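**Q** predicted model and sequence follow; I will ask about them next.
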Amino acid sequence: MTNSDDIMQNIFEAQFLASRNQVAPDLATRLSLLEKLKNMVLDNAEAIAKAISDDFGGRARAETELLEILPSIHGIKYTMGKLKNWMKPQRRAVDLMFQPASSQIRYEPLGVIGIISPWNYPLFLLVGPLTDALAAGNRAMIKPSEQTPVFSELFAKLIDKTFDPLEVSVINGGVDVARAFSELPFDHIIFTGSTNVGREVMKAAANNLTPVTLELGGKSPVIIDDDYEIEKAANSVAFGKFLNAGQTCIAPDYVLVPAAKAEEFCKKVIKRANQSYKKPTSNEQYSAICGERHRTRLWGAIEEARAAGAKVYNHKAETTEGAKITPTVILGAPNNCLIMREEIFGPILPVVPYTIIEDALAFVRERPRPLALYIFSNSNDFQETILKGAISGGVTINGTLMHVAQSALPFGGIGPSGTGAYHGFEGFKRFSHARSIHKIGFINAFEMLGPPWGALSKLAGKLFAGIK
Ligand code: NAD
């Protein structure tokens with residue numbers, strides 16, 4: 001056991017004991033923790049944006065503000081506004097045969113929550129789960145990504161200054177630390193990251209019977225109807241794809257376009273990207289690719305598709321120098337290319353032409369169930385056909401990404417794109433135990449049926465279940 005393992009173990013044990021020995025925090029305590037979290041983010045917004053930009057080798061301040069700080073604050077405020085209501089015990093009906101009695105559900109804290117997060121939205125993907133965990137009355141330990149060392153160190157310092165370590169603690173370190181972290185017997189682990197690592201986390205958690213929420217990735221498709229204005233769809237897809245240079249879990253991964261409009265669509269996406277990010281390789285508003293490994297993977301994927309005969313559309317200033325990859329659209333990549341097999345997680349958009357909608361649906365259904373699905377159509381019938389025909393974690397119709405920003409909607413995947421959902425009320429419930437409480441009234445009628453069992457129990461069986 002290393003020194004950092006000892007520290008981690010000690011913090012866990014202290015939080016665990018506190019969660020067992022102290023009564024659940026009341027509304028006022030939870031609200032004050034959330035208020036502290038909100039102020040911590042707001043007061044340090046500039047330093048946070050700078051740290052993330054340093055880690056990325058360049059990320060627009062506006063992107064960090066709009067895609068990380070804003071949704072973090074929005075989520076905290078929404079939760080603070082609703083928490084009193086969520087915490088109220090819920091009355092439930094009592095069947096006639098158990099009367100007189102009353103039933104209720106109380107949402108109680110689970111205890112200690114482990115939060116493991118990725119590098120692509122390092123703030124929002126920590127603050128989001130932490131908001132829900134604290135709202136539900138838990139303590140939390142956090143393992144940020146080692147891929148964003150500047151941000152992760154800053155975040156640890158801020159949490160340390162803001163919270164008692166018994167409330168919230170940050171553990172920084174590499175993959176070894178992450179692995180040891182996932183082996184702690186938490187009351188729940190929420191992991192955001194890749195599907196492969198999610199599998200490892202679930203295995204480690206299984207040894208402790210620790211329940212997990214897995215927020216994973218995958219290939220999120222876009223399906224465009226023939227009736228939808230192609231330029232409008234292209235603008236929206238370009239927006240969702242090239243924010244954070246495509247390093248977004250719910251970024252459109254590939255687009256199914258009516259065959260006759262496929263080329264036009266590719267050109268319009270590039271036109272929009274060029275308007276949004278002039279000279280992308282030197283544009284401060286366009287994100288860099290975080291890490292050499294990902295840059296090499298993405299350049300390799302473009303070259304592989306080109307060599308396989310696909311048509312590559314991109315900005316003229318294509319260069320492998322520097323940390324940025326220009327927005328790229330690829331038409332006609334064979335299915336065995338990397339960009340058609342794996343989650344892209346970068347600014348490369350494959351376009352797949354289709355002739356009839358059944359083919360487009362089959363294309364989606366043949367692949368693992370995605371995290372997000374985007375439909376562009378003016379027809380309710382078309383929208384319903386796609387919704388019923390292809391399952392996904394979440395959906396935005398006639399736009400991209402926006403479902404994740406809805407505080408009143410749960411966010412999560414299905415199958416290989418994730419297990420369980422959080423945000424808002426679903427997040428509060430995810431980190432709570434729904435405790436059933438049944439209170440017997442002035443007599444316990446059921447117990448009066450027997451034993452010894454006789455005519456009365458026979459009558460009850462006949463009356464309440466039709467037993468002959
Ligand atoms: P990753 O899976 O490589 O790493 C995520 C975290 O897991 C890191 O903190 C890392 O330290 C930790 N980790 C690594 N190995 C581990 C192990 N064996 N046991 C326990 N923890 C371990 O993911 P990444 O590259 O940081 O992020 C990109 C992936 O995350 C993409 O697949 C993307 O789709 C996904 N993602 C999903 C969501 C979502 O909300 N569904 C959001 C953002 C990113």
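**A** Arrived safely.
**Q** would you point out which residue of the protein is nearest the ligand?
**A** G217 (2.2 Å; C-beta to the nearest ligand atom). The way it works is simple: take the backbone N, C-alpha and C, and place the C-beta from them, glycine included.
**Q** checking the closest residue to that residue other than its chain neighbours next. Helix, strand or coil?
**A** Spatial nearest neighbour of G217, chain neighbours left out: E343 (4.8 Å); criterion: C-beta to C-beta, 6 or more residues apart in numbering. Three-state call for E343 (DSSP: H, G, I helix; E, B strand; the rest coil): coil.
**Q** just checking, E343 touches Y254?
**A** No. Counting by C-beta atoms under 8 Å, E343 stays clear of Y254, with 10.3 Å between them.
**Q** returning to what we had before: tell me how many other residues surround the residue nearest to G217.
**A** E343: 20 surrounding residues under other C-beta atoms under 10 Å.
**Q** returning to that earlier point: find residues that contact each of E343 and Y254.
**A** Common neighbours of E343 and Y254 (criterion: C-beta atoms under 8 Å, 6 or more residues apart in numbering): K219.
**Q** and the residue nearest to G217, its phi and psi?
**A** Phi and psi for E343, reported as degrees, to the nearest 10, are phi -60, psi 130.
**Q** tell me the pLDDT at it?
**A** At E343, the model reports a pLDDT of 96.
**Q** do the one 5 residues further on as well
**A** In the predicted model, I348 carries a pLDDT score of 97.
**Q** nearest residue to it in space, please, no chain neighbours.
**A** I348 sits nearest to T328 (C-beta to C-beta, 6+ apart), 4.8 Å away.
**Q** likewise R61?
**A** Using C-beta to C-beta, 6+ apart, the closest residue to R61 is A49 (4.8 Å).
**Q** for this structure, which residues are neighbours of the ligand?
**A** The chain comes close to the ligand at residues 116-120, 125, 143, 145-147, 175, 178-179, 182, 192-194, 197, 200-201, 215-217, 249, 343, 345, 371, 413, 418, as judged by C-beta under 6 Å from any ligand atom.
**Q** those residues, buried ones only, as a PyMOL selection?
**A** In PyMOL, a selection of the buried entries from these looks like this (16 or more other C-beta atoms under 10 Å):
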select buried, resi 116+117+118+119+120+125+143+145+147+178+182+192+193+194+197+200+201+215+216+217+249+343+345+371+413+418
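**Q** what's the first helix or strand after the helix or strand hosting L130?
**A** Element membership for L130 (DSSP states H and E) is helix 124-135. Moving toward the C-terminus from helix 124-135, the next helix or strand (DSSP H and E) is strand 139-143.
**Q** what angle do that following strand and helix 124-135 make?
**A** Interaxial angle, strand 139-143 versus helix 124-135 (axes from the mean of the first three to the mean of the last three C-alpha atoms, to 10 degrees): 170 degrees.
**Q** show me the contact partners of strand 139-143.
**A** By C-beta under 8 Å, 6+ apart, strand 139-143 touches 8, 11-12, 15, 18-19, 111-117, 126, 129-130, 133-134, 155, 159, 166-173, 177-178, 181, 184, 186.
**Q** looking at those, which are in strands?
**A** Among those, the members falling in strands (DSSP state E) are V112, I113, G114, I115, I116, V168, S169, V170.
**Q** save the residues you listed as TSV, and put in pLDDT too.
**A** TSV is the format used below for these (pLDDT from 0 to 100):
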residue	pLDDT
V112	98
I113	98
G114	98
I115	98
I116	98
V168	98
S169	98
V170	98
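**Q** from the residues you listed, which is closest to Q104?
**A** I113 (24.4 Å; C-beta to C-beta).
**Q** and for that closest one, the neighbour number?
**A** For I113, the neighbour count with other C-beta under 10 Å is 28.
**Q** and the chain, what are its domains?
**A** Following the assignment in automatic domain parsing, the chain carries domains at 3-216+419-433, 221-412.
**Q** and the shortest one, how far apart are its ends?
**A** One end of domain 221-412 sits 16 Å from the other (C-alpha to C-alpha, to the nearest Å).
**Q** likewise the longest one?
**A** Using C-alpha to C-alpha, one end of domain 3-216+419-433 lies 34 Å from the other.
**Q** that older thread, out of the residues of the chain next to the ligand, which sit inside helices?
**A** L125, V175, A178, R179, S182, V197, E200, V201 (DSSP state H).
**Q** ok, which pair from the residues you listed is furthest apart?
**A** Most distant of those, by C-beta to C-beta, are L125 and R179, 19.0 Å apart.
**Q** for P451, which of the domains of the chain is the nearest?
**A** By C-beta to C-beta (comparing all of those), the closest turns out to be domain 3-216+419-433, at 16.9 Å.
**Q** so how far is that closest one off the chain centroid?
**A** 12 Å (C-alpha atoms, centre = their mean, to the nearest Å).
**Q** also stretch 268-281?
**A** 28 Å.
**Q** identify each buried residue in it, please.
**A** For stretch 268-281, by 16+ other C-beta under 10 Å, it's K268, V269, I270, R272, A273, N274, S276, Y277, P280, T281.
**Q** neighbouring contacts of that stretch?
**A** When contacts are defined by C-beta under 8 Å, 6+ apart, stretch 268-281 is touched by residues 230-231, 234-235, 237-239, 241-242, 283, 285-286, 313-315, 317, 319, 321-322, 324, 326-327, 329, 349.
**Q** pLDDT at the residue nearest to R61, what is it?
**A** With respect to pLDDT, A49 scores 97.
**Q** send the alpha carbons of the helix or strand in which it is found over as PDB?
**A** Following DSSP H and E, the helix or strand that holds A49 is helix 45-56. Provided in PDB are the C-alpha atoms of helix 45-56 (Å, rounded to 0.1, in the frame of the first residue of the first chain):
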ATOM      1  CA  ALA A  45     -14.500  30.900 -12.600                       C
ATOM      2  CA  GLU A  46     -11.500  32.700 -14.200                       C
ATOM      3  CA  ALA A  47      -8.900  30.400 -12.600                       C
ATOM      4  CA  ILE A  48     -11.000  27.400 -13.600                       C
ATOM      5  CA  ALA A  49     -11.200  28.500 -17.200                       C
ATOM      6  CA  LYS A  50      -7.500  29.200 -17.300                       C
ATOM      7  CA  ALA A  51      -6.600  25.800 -15.800                       C
ATOM      8  CA  ILE A  52      -8.700  23.900 -18.300                       C
ATOM      9  CA  SER A  53      -7.300  25.900 -21.200                       C
ATOM     10  CA  ASP A  54      -3.700  25.100 -19.900                       C
ATOM     11  CA  ASP A  55      -4.600  21.400 -19.800                       C
ATOM     12  CA  PHE A  56      -6.100  21.400 -23.300                       C
END
